[in-house]
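**Q** model this:
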Amino acid sequence: MLTPSDVLDQYGFGDFVPIERRRSVADLFPHRQHRCGLYVLRFANGEHYAGLARDVTRRYCQHAKIHPDISGISFVEIPLEALNETERRLIEQLEQSGCKLRNITYLSEPMIDSDLDDLVSESEQQRFLCGESGVEPATYRVADSELRRKYRLKYDRFAAHSAADAVVRVYREYVGKCVPFPRRTELTFWAVSCKPGPGRKRFQNLLMMNVNWQEVSQCVDDDGVLGFNFHLARSVIKRTYYSIGGFQLSFENCEVDEHAYAPGGPDQFRVHVTGEEAASQLLANQTVVDAIRLLNLRLMRKGPTTHGRFHCFDLADRLLETDIHE
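**A** As a prediction, the model looks like this:
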């Protein structure tokens with residue numbers, strides 16, 4: 001397994017330059033045409049931050065205002081057109097090497113204090129990951145009458161769909177098993193939306209579940225056939241099935257791909273199944289549930305959902321009305 005130093009060497013990074021308490025590093029990069037590339041900051045406690053910059057001196061000044069404990073910097077020039085993809089690979093490889101990063105984007109599990117901790121205690125989160133039910137008694141629900149009104153028409157279209165009840169059954173199970181404390185975290189940390197258009201269309205998005213910046217599950221109607229997509233934490237699946245291929249052999253009716261949204265980091269993959277029965281069988285598997293739980297909790301810890309403005313309360317009512325653990 002590569003060490004963090006091995007990874008940095010592969011990208012051409014040199015030794016860290018000491019910059020403790022500096023407000024600017026412009027003198028280290030006197031030629032503006034050589035300031036575009038990747039940088040890695042080192043902090044006094046041994047953590048690191050990896051990023052891209054068109055002008056590393058300006059980017060450093062932004063970091064210095066937030067992080068007073070920067071102790072070193074290393075930089076390598078990268079062409080502008082290659083910055084985004086190279087940054088993503090660098091961060092993923094540093095994480096896999098065991099490097100302690102302060103980054104949030106592209107990391108599976110960033111080292112941050114979380115707003116979620118104010119709503120769900122760390123001990124509750126840990127018990128949830130260990131298999132304890134994350135469902136609360138039906139005593140509290142957030143309310144937003146204007147948001148409820150806004151999406152009522154879309155919900156009515158969804159409810160009129162011939163497969164609406166089947167979709168609700170699957171996602172009632174998903175919310176009950178895989179979403180941490182769904183009543184407490186609704187709207188702020190997870191959101192559900194439905195987007196069927198008017199009239200009969202060959203392809204329609206029926207339901208989307210979102211956590212943080214990421215879609216974690218989706219149901220579509222593809223010419224009368226229900227398709228379900230779920231994102232799972234790869235590491236949990238590999239502990240039981242040793243490989244994604246081994247997992248797929250155990251679920252012959254599912255398809256897997258390497259699709260991964262940036263917010264969830266590299267420790268994820270996507271599973272697609274067709275039909276309510278196949279989706280229910282998938283959610284009946286404890287390893288699958290554990291893998292979805294871990295990904296969803298990690299995303300919640302990264303911050304609130306950005307899709308709350310699309311949350312459909314009428315649909316959420318049905319997903320929460322009879323939780324499976326109550």
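
**Q** drop to CA atoms for contacts and neighbour counts, all remaining ones
**A** Noted.

**Q** helices along the stretch 1-150 of the chain, start to end?
**A** Applying DSSP state H, counting those that start in this stretch to the stretch 1-150 of the chain gives helices spanning 4-11, 56-66, 83-96, 122-129, 145-150.

**Q** so where is this structure shaky, pLDDT-wise?
**A** In the predicted model, the chain carries pLDDT under 70 at residues 134-135, 137-139, 197-200, 322-326.

**Q** apart from its chain neighbours, what residue comes closest to the residue nearest the centre of it?
**A** What sits nearest the mean C-alpha location of the chain, by CA atoms, centre = their mean, is residue 264, with 3.0 Å. Excluding the flanking residues, the one nearest residue 264 by CA to CA, 6 or more residues apart in numbering is residue 108, at 5.4 Å.

**Q** likewise residue 271?
**A** Excluding its sequence neighbours, the residue lying closest to residue 271 (CA to CA, 6+ apart) is residue 256, at 4.5 Å.

**Q** A strand includes that neighbour, no?
**A** Yes - the assignment for residue 256 (DSSP: H, G, I helix; E, B strand; the rest coil) places it in a strand.

**Q** assess the claim that it and residue 248 are in contact.
**A** Yes - between residue 256 and residue 248 there is a contact under CA atoms under 8 Å: 7.2 Å.

**Q** before we move on, the earlier item: same list (the helices of the stretch 1-150 of the chain) but as TSV, adding distance to residue 168.
**A** Putting the helices of the stretch 1-150 of the chain into TSV (distance: least, CA to CA, whole Å) gives the following:
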stretch	distance to residue 168
helix 4-11	46
helix 56-66	44
helix 83-96	36
helix 122-129	23
helix 145-150	18
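
**Q** make a markdown table out of those and add distance to residue 181 and mean neighbour count.
**A** Supplementary listing: the helices of the stretch 1-150 of the chain in a markdown table, determined by distance: least, CA to CA, whole Å; neighbours: other CA atoms under 10 Å:
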| stretch | distance to residue 181 | mean neighbour count |
| --- | --- | --- |
| helix 4-11 | 36 | 15 |
| helix 56-66 | 32 | 16 |
| helix 83-96 | 28 | 18 |
| helix 122-129 | 9 | 16 |
| helix 145-150 | 21 | 13 |
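
**Q** and of the ones you listed, who's closest to residue 296?
**A** Of all the helices of the stretch 1-150 of the chain, it is helix 122-129 that lies closest to residue 296, at 10.3 Å by CA to CA.

**Q** just how off-centre is the closest one within its chain?
**A** Distance of helix 122-129 from the chain centroid (CA atoms, centre = their mean, to the nearest Å) equals 18 Å.

**Q** packing partners of it?
**A** Secondary-structure packing of helix 122-129 (3 or more CA pairs under 8 Å, 6 or more residues apart in numbering; DSSP states H and E): helix 286-302.

**Q** before we move on, back to that, ok, the residue nearest to residue 271 to residue 228 distance?
**A** To residue 228, residue 256 is 12 Å away according to CA to CA, to the nearest Å.

**Q** between the two, which contacts overlap?
**A** residue 272 (CA atoms under 8 Å, 6 or more residues apart in numbering).

**Q** of the two, which one has the most company?
**A** residue 228 (22 against 17; other CA atoms under 10 Å).

**Q** what sits closest to that one if chain neighbours are left out?
**A** Closest to residue 228 by CA to CA, 6+ apart is residue 219, at 4.6 Å.

**Q** which residues are in contact with the one you found?
**A** Contact analysis of residue 219 by CA under 8 Å, 6+ apart lists 167, 205-208, 226-229.

**Q** tally up the residues packed near residue 296, please.
**A** 26.

**Q** same thing with the one 10 residues further on?
**A** Around residue 306 sit 17 other residues, with neighbours defined as other CA under 10 Å.

**Q** right, and it touches residue 213 too?
**A** Yes - judged on CA under 8 Å, residue 306 makes contact with residue 213 at a distance of 5.6 Å.

**Q** quick one on the thing from earlier: mind checking how far the residue nearest to the centre of the chain is from residue 270?
**A** 12 Å.

**Q** the stretch 201-326 of the chain: helices as residue ranges?
**A** Using DSSP H, counting those that start in this stretch, the helices of the stretch 201-326 of the chain run over 234-241, 244-250, 276-283, 286-302, 313-320.

**Q** the ones you listed: which one's closest to residue 140?
**A** Here helix 313-320 is closest among the helices of the stretch 201-326 of the chain (CA to CA), at 11.0 Å.

**Q** packing partners for that closest one?
**A** Secondary-structure packing of helix 313-320 (3+ CA pairs under 8 Å, 6+ apart): helix 145-150, helix 152-160, helix 164-178, strand 190-193.

**Q** in JSON lines: the ones you listed, plus distance to residue 77.
**A** JSON lines is the format used below for the helices and strands packed on helix 313-320 (distance: least, CA to CA, whole Å):
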{"stretch": "helix 145-150", "distance to residue 77": "47"}
{"stretch": "helix 152-160", "distance to residue 77": "49"}
{"stretch": "helix 164-178", "distance to residue 77": "43"}
{"stretch": "strand 190-193", "distance to residue 77": "39"}
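
**Q** good, we can wrap up now.
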